[in-house]
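In: missing the sequence, but the structure's below:
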């Protein structure tokens, strides 16, 4: 089965991955304590079952005895202990360490105030994993489907990208990886549920250009795509509409400001002006006609137990919105005669570039801003996004790790590995911390909603749209279902005779 992939994975190390391309592949190679059915329902994974005490903070997971690594060794509870300690160890600098913040001791360990051995996870037996949380978290079993919680066989195995030294515990193993040429996966003969894995070999083909991916699909070189170009929509509707699969999922595309330096540091009027100058509806109509929704807040609709927040000018008429953007721009000290010059960084992709060009054009037309567009290959971009001297505004996106508003808002908490903008509002941080300590789900919801309103008033980011998955499947590829986290596992698919 040949799967299109929108870019080269940054890594196949579960504790070091920070991109959606890695996630797509890691979901085939590893399995956590829990897993997902095709529709996103949480089901047993390495853990055959689990219990939680009346406080909702103490879990015991009972590992299935037939769970094995691809080298035949049993998957032990200690493998999870070692992997999680590795993720939260500040020496590792893992970009997904915050995902484990709900576990007792994580915060102190990440901050360097405690040893990794104090993490609230232990292995009383090889087949029992005990976990202590800081508070009840009804989404915890779902969080355990995320790659940040996957076990690793060893440090060297986790870092290996060589089939000769590869060891994993998922439905597939790595057969080969040729940078720029693709990844080859084969069915894991030791996987406990191997009898239900119907696709024997999977080829991931990185194609950063959506249109090129569609051409390869059209030519029969791919069986399914990761995306669909807007430019091909008319042809797709005419030729193979039944092969187009669309579904909303929990993801937000946004621009982040560099808040650590001029011109955006301590200049909320300027940040608000740029946010108001963008016509999101026009962008989606012209560039992304696949069911994406304009974003005037950060947390998407459909998020569990949450009422998404938005700016109070969301439904303001265009003329009024533009006039206010121009007033704020002038108040910030800029004009058409003395315009703002900025650098906008983004990763290479035709649709991402189109949106960047449209955004720059709107800033130019409405405010007179001069924008330098910096287009980088994805793996180069991953480094550049952390180098604030490279950009004033950066294109980012966040897809929920689990179905909860905290998955989105925690990315903007000061100290988060995902807070690329450098946003640091003590009031916002305090609300996020308070939500983490709150057990009552209604009270926690209200706190998180207040946190989003606080953040939106500061304009550290400019949300542009909420995601909708768009893929093409050949008619003979069966088994795909809409998934709120947009996860598509090869083990759920099958190839019909054709």
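Out: That came in fine, so what should we check first? Quick caveat, the model's predicted, so the values are computed rather than measured. Numbers count the residues shown, from 1 in each chain.
In: chain center to stretch 9-22, what's the gap?
Out: Distance, stretch centre to chain centre, for stretch 9-22: 11 Å (Cα atoms, centre = their mean, to the nearest Å).
In: name the residues that touch that stretch?
Out: For stretch 9-22, contacts defined as Cβ atoms under 8 Å, 6 or more residues apart in numbering pick out 5-8, 23-26, 29-30, 83, 86-87, 92, 94-96, 147-148, 150, 152, 158-159, 161, 174, 177, 183, 206, 378-379, 382, 397, 399, 417. In this view, the C-beta of every residue, glycine as well, is placed from N, C-alpha and C.
In: flag every buried residue along that stretch.
Out: 9-22 (16 or more other Cβ atoms under 10 Å).
In: ends of that stretch, what's the gap?
Out: Its start and end residues considered, stretch 9-22 measures 4 Å (Cα to Cα, to the nearest Å).
In: can you tell me the closest non-neighbouring residue to residue 85?
Out: residue 116 (4.1 Å; Cβ to Cβ, 6 or more residues apart in numbering).
In: okay, that neighbour: pLDDT?
Out: In this model, residue 116 is scored at 97, pLDDT.
In: the one 4 residues further on now?
Out: Per-residue pLDDT puts residue 120 at 98.
In: same question for residue 325.
Out: 98.
In: thinking it is in contact with residue 273, fair?
Out: Yes. With contacts counted by Cβ atoms under 8 Å, residue 325 reaches residue 273, the gap being 4.7 Å.
In: shared neighbours of these two, anything?
Out: With Cβ under 8 Å, 6+ apart as the test, residue 325 and residue 273 both reach residue 367.
In: more neighbours, the two?
Out: residue 273 (26 against 22; other Cβ atoms under 10 Å).
In: could you say which helix or strand contains that one?
Out: Using DSSP states H and E, the element containing residue 273 is helix 268-276.
In: one step back: the residue nearest to residue 85: what's it in contact with?
Out: Residue 116 makes contacts with 85, 86, 88, 89, 109, as judged by Cβ under 8 Å, 6+ apart.
In: assign the second one to helix, strand or coil.
Out: When classified by DSSP: H, G, I helix; E, B strand; the rest coil, residue 86 comes out as helix.
In: nearest spatial neighbour of it, chain-adjacent residues omitted?
Out: Leaving out its chain neighbours, the residue that sits closest to residue 86 by Cβ to Cβ, 6+ apart is residue 15, at 5.4 Å.
In: again, but for the last one
Out: Ranked by Cβ to Cβ, 6+ apart and with sequence neighbours excluded, the top spatial neighbour of residue 109 is residue 88, at 4.9 Å.
In: picking up where we left off before, roughly how far apart are the residue nearest to residue 85 and residue 106?
Out: Per Cβ to Cβ, to the nearest Å, residue 116 is found 10 Å from residue 106.
In: what residues are shared contacts of the two?
Out: Common contact partners of residue 116 and residue 106 (Cβ under 8 Å, 6+ apart): residue 88.
In: within its sheet, name the partner strands of the strand of greatest length in the chain and how each one runs.
Out: For the chain, the strand that runs over the most residues, judged by DSSP state E, is strand 244-257. According to DSSP bridges, strand 244-257 forms sheet pairs with strand 393-399 (antiparallel), strand 461-472 (antiparallel).
In: pick the most buried one from those strands.
Out: Mean neighbour count (mean count of other Cβ atoms under 10 Å) peaks for strand 461-472 among these, with a mean of 23.
In: how big is the angle separating that strand from helix 268-276?
Out: Between strand 461-472 and helix 268-276, the angle comes out at 30 degrees (axes from the mean of the first three to the mean of the last three Cα atoms, to 10 degrees).
In: pull the number of nearby residues for the residue nearest to residue 109.
Out: 28.
In: residues touching it, list them.
Out: Applying Cβ under 8 Å, 6+ apart to residue 88 gives the contacts 94, 97, 100, 103, 106, 109, 110, 116, 119.
In: in strands, which of those fall?
Out: Residues of the contacts of residue 88 located in strands (DSSP E): none.
In: redo those residues as TSV? Include distance to residue 321.
Out: Listed next are the contacts of residue 88 as TSV, based on distance: Cβ to Cβ, whole Å:
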residue	distance to residue 321
94	41
97	39
100	41
103	44
106	42
109	45
110	40
116	50
119	48
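In: for those residues, which one is nearest residue 490?
Out: residue 94 (25.5 Å; Cβ to Cβ).
In: so that closest one touches residue 84, yeah?
Out: No. Residue 94 lies out of contact with residue 84 (Cβ under 8 Å); the separation is 10.2 Å.
In: what about these two, which has more around it?
Out: Between residue 94 and residue 84, counting by other Cβ under 10 Å, residue 84 is the more crowded of the two (27 against 23).
In: ok, the more buried one to residue 103 distance?
Out: 7 Å.
In: where do the contact lists of those two overlap?
Out: 119, 121.
In: residue 73: neighbour count?
Out: That count, for residue 73 with other Cβ under 10 Å as the rule, works out to 13.
In: report the contact partners of it.
Out: Counting by Cβ under 8 Å, 6+ apart, residue 73 has contacts residue 153.
In: buried stuff in the next helix-or-strand element following the helix holding residue 273?
Out: Next helix or strand after helix 268-276 toward the C-terminus (DSSP H and E): helix 280-287. Applying a neighbour-count criterion of 16+ other Cβ under 10 Å, one finds 280, 283, 284, 287 buried in helix 280-287.
In: JSON lines for those, including pLDDT and distance to residue 231?
Out: Below are the buried residues of helix 280-287 laid out as JSON lines (pLDDT from 0 to 100; distance: Cβ to Cβ, whole Å):
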{"residue": "280", "pLDDT": "97", "distance to residue 231": "20"}
{"residue": "283", "pLDDT": "94", "distance to residue 231": "15"}
{"residue": "284", "pLDDT": "92", "distance to residue 231": "15"}
{"residue": "287", "pLDDT": "86", "distance to residue 231": "9"}
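In: just these now: which is nearest residue 413?
Out: Among the buried residues of helix 280-287, and counting by Cβ to Cβ, the member closest to residue 413 is residue 280, at 25.4 Å.
In: surely the closest one and residue 296 touch.
Out: Yes. Judged on Cβ under 8 Å, residue 280 makes contact with residue 296 at a distance of 7.4 Å.
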